[in-house]
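> just need the structure, nothing else, for what follows:
(2 chains)
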Amino acid sequence: MSKLVTKITDRDTDFAAWYTDVVREADLVAYSNVKGSMIIRPYGYAIWESMQNYLDKEFKKLGHQNVQMPMFIPESLLNIEKEHVKGFAPEVAWVTHGGDTPLEERMCVRPTSEVLFCDHFKNIIKSYRDLPILYNQWCTIVRWEKTTRPFLRSREILWQEGHTMHKTEVEAREETLRMLKVYEDFQRNILALPVLVGRKTEKEKFAGAEETYTIEAMMYDGVALQNGTSHYFGQGFAKSFGITFLDEENKLQTPYQTSWGCTTRMIGGVIMTHSDNHGLVLPPNIAPIKVRFVPIKNTEEIMECIKNITSKLPEGITYDIDDSDKSPGFKFADAEVKGIPIRVEIGLRDLEEKVAPLVRRDTLEKMTVSLDDVAKEIENLLPVIQASMYDKALERRDSMIYETEDYQEFKTLASTKPGFILSPWCGSTECEDKVKDETSLKSRCIKEEIEGKTCPFCGKPAKYMIYFGRQY
RNA sequence: CGAGAAGUAGCACAACUUGGCAGUGCACUAGUUUUGGGAACUAGGGGUUGCAGGUUCAAAUCCUGUCUUCUCGACCA
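Now for the predicted structure:
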């Protein structure tokens, strides 16, 4: 009486097709007429709002205020910081006309807002009393990417960018690492992503930054996804823009700056880390709906029973009830494809026996619980699912990190084993370029400083242990 | 941006080779019967065949251009 319909490509057969199938079946995005500019559907946007809510609270706890800056950057403004322009000019979109009239000066659509903030900071920073300035904005930016994929790489990017100014280098460096920690905790504890955290190399750092720190996640297929960055700018931008303040001794000083950001790409990271052939799997802490109740039949007694259970659920455990007239099988599959962490099935048989089956989305394990205990069991189970999803992802991630000090072995690993390679490195861009040319792996982040090892790429003494990998 | 593949209803596809009424399944609407893993029957609705041009009596079908999607590279969060 029922047929099993497989709409999702097998994950191990074709990972790329699997990903787009999951995104489509879970109804997270739709394509628009413009390449790389996606429509985020209500369920996809709810996940983003869930992320936003958490991060926005954390930012505000640490004293940041939200602002909204212009979307357009006049060309002359973009050109002020030389390293910055060099990095972004190749991928900005230009506005050249207002109606039919050509503009005196063309403007780009912001690819990131450093120069807009700096231009504003120049006007509002006068005294040491004005510092620190801790601003953040939620907005979209545009980068004219050549290859696009839903969530992972788009031309219009929904994100958050923090921009701060400080009296001292120490304070600015602290801010850089503080916000990096906010991202790290968020991804570990809320998104259940086992991330690597570290500094980018000179070659890979943000255009215009002194130091770039990164959050690197590994996807199910072993490919890296950069899921957030925090930059220390020193006084580079401030000097280019002429931002100064008078200190306590009435001396003119230049402030120190940071910026940090993360995007809807994290949604792609969650999908590619946790989901399976049944569809999306969401960690409870980020799932917009944590429990779905499935009445096997929409009778009054069953609805009454569900109401009784939900009245006992603590606030914060969001739930919904699938009271559509679809068949039970359809309802089960729908709860699964949407990645809802717990499903509770209730039918007439259960009412008689005073029990209900609870199904975990992450393991698809089914357990039978007494009706009186369902609410409590849900409350207990959600953190268990959260922890177990993290552990499972961590185990897989670790099993795909290889360590070697030999370049031949490095090359063999690069071409045969998906994942990351941890290697000593001398610190030179030449060696990074060589690795890129010969293996097409790029450095992900520096793990730590070391002594007593040799750089396998040039034979000189190594200064760092560093991760290499392919990236989305 | 280079190489390749594809675009026909919301989704998956047929019709294209050899030009001649635009179809099927799922989904959607109404009704009836159902309901413990993607229900059944009946009756319906939905299409400038991605877009623009060309060839032709006639184009989903042939030609040119363009846009979008997917794959592999290069570039990037």
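> surely A:Y54 touches A:D185?
No. The pair A:Y54 and A:D185 fails to qualify as a contact (CB atoms under 8 Å) at a distance of 9.9 Å. Using the backbone N, CA and C atoms, a C-beta is placed for each residue, glycine as well.
> out of those two, which sits in the busier spot?
A:Y54 (18 against 12; other CB atoms under 10 Å).
> name all residues that make contact with the residue nearest to the more buried one when sequence neighbours are not counted.
Nearest residue to A:Y54 in three dimensions, chain neighbours excluded: A:I190, at 5.8 Å (CB to CB, 6 or more residues apart in numbering). For A:I190, the contact set (CB atoms under 8 Å, 6 or more residues apart in numbering) comprises A:M51, A:Y54, A:P283, A:N285, A:I286.
> cool, and A:M465?
So A:M465 contacts A:L422, A:S423, A:P424, A:W425, A:I446, A:K447, A:E448, A:I450 (CB under 8 Å, 6+ apart).
> check the secondary structure at the fifth one for me.
Three-state secondary structure (criterion: DSSP: H, G, I helix; E, B strand; the rest coil) places A:I446 in strand.
> ok, it - contacts?
Counted by CB under 8 Å, 6+ apart, A:I446 has contacts A:G198, A:R199, A:K200, A:T201, A:Y464, A:M465, A:I466.
> all strands of the stretch 251-400 of chain A, in order?
Per DSSP state E, counting those that start in this stretch, the stretch 251-400 of chain A carries strands over the ranges A:252-253, A:256-263, A:291-295, A:319-321, A:342-346, A:355-360, A:366-370.
> how about the stretch 1-150 of chain A?
A:29-31, A:38-40, A:65-66, A:72-74, A:94-98, A:101-109, A:133-142.
> about what we covered before: which one of the contacts of A:I190 is nearest RNA strand B?
Among the contacts of A:I190, A:M51 lies closest to RNA strand B (CB to the nearest atom of the strand), at 13.7 Å.
> A:R265 is in contact with the closest one, correct?
No. Between A:M51 and A:R265 there is no contact under CB under 8 Å: 10.9 Å.
> now the residue nearest the centre of chain A: closest residue in space that isn't a chain neighbour?
Among the residues of chain A, the one closest to the centroid is A:M266, at 2.4 Å (CA atoms, centre = their mean). Setting aside the residues directly before and after it, A:M266 is nearest to A:N227 in space (CB to CB, 6+ apart), at 5.4 Å.
> tell me the angle of the helix or strand that neighbour falls within relative to strand A:256-263?
Using DSSP states H and E, A:N227 sits in strand A:224-234. For strand A:224-234 against strand A:256-263, the angle by axes from the mean of the first three to the mean of the last three CA atoms, to 10 degrees is 160 degrees.
> helices of chain A, residue ranges please.
For chain A, the helices defined by DSSP state H occupy A:15-25, A:42-61, A:75-78, A:82-88, A:114-124, A:169-185, A:236-241, A:265-274, A:300-310, A:328-337, A:348-353, A:374-399, A:407-416, A:429-439.
> need the contact list for the closest residue to RNA strand B within the stretch 351-472 of chain A.
Of all residues in the stretch 351-472 of chain A, the one sitting closest to RNA strand B is A:S440 (4.0 Å; CB to the nearest atom of the strand). Listed by CB under 8 Å, 6+ apart, the contact set of A:S440 reads A:A414, A:R470.
> confidence score at it?
As predicted, A:S440 sits at a pLDDT of 91.
> quick check: residues of the stretch 301-450 of chain A near RNA strand B?
A:325-330, A:332-334, A:336-337, A:345-350, A:356-357, A:359, A:364, A:366, A:436, A:440 (CB under 7 Å from any atom of the strand).
> just the buried ones from those, in ChimeraX syntax?
Of those, the buried ones go into a single ChimeraX selection, burial set by 16 or more other CB atoms under 10 Å:
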select /A:332,333,334,336,337,345,346,347,350,356,357,359
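> near the residue nearest to A:L158 when sequence neighbours are not counted, how many other residues are there?
Setting aside the residues directly before and after it, A:L158 is nearest to A:T264 in space (CB to CB, 6+ apart), at 4.7 Å. A total of 26 residues lie near A:T264 under the criterion other CB under 10 Å.
> RNA strand B versus A:T264, what's the distance?
7 Å (CB to the nearest atom of the strand, to the nearest Å).
> I figured that residue hits A:P150, correct?
No. Look at A:T264 against A:P150 with CB under 8 Å: they stay out of range, at 9.5 Å.
> pull the contacting residues for the residue lying closest to A:T229 once chain neighbours are set aside.
Once flanking residues are discounted, A:T229 sits nearest to A:T214: 5.2 Å by CB to CB, 6+ apart. Applying CB under 8 Å, 6+ apart, we find A:T214 in contact with A:V197, A:G198, A:R199, A:K200, A:Q226, A:G228, A:T229, A:R444, A:C445.
> any low-confidence regions in the stretch 151-300 of chain A?
For the stretch 151-300 of chain A, applying pLDDT under 70 flags no range at all.
> what parts of it come near RNA strand B?
A:152-155, A:157, A:204, A:206, A:214, A:226, A:229, A:263, A:265, A:278, A:296-298.
> RNA strand B: which of those is nearest?
Using CB to the nearest atom of the strand, these come closest to RNA strand B at A:Q226, 2.9 Å.
> list the beta-bridge partners for the closest one.
A:E216 (DSSP bridges).
> residue contacts, A:P284?
Applying CB under 8 Å, 6+ apart, the residues near A:P284 are A:K290, A:P341, A:I342, A:L382, A:P383, A:I385, A:Q386.
> the residue nearest to A:G339 when sequence neighbours are not counted and A:G268, how far apart?
If the residues on either side of it in the chain are set aside, A:G339 comes closest to A:L280, at 3.1 Å by CB to CB, 6+ apart. The gap separating A:L280 from A:G268 is 12 Å, by CB to CB, to the nearest Å.
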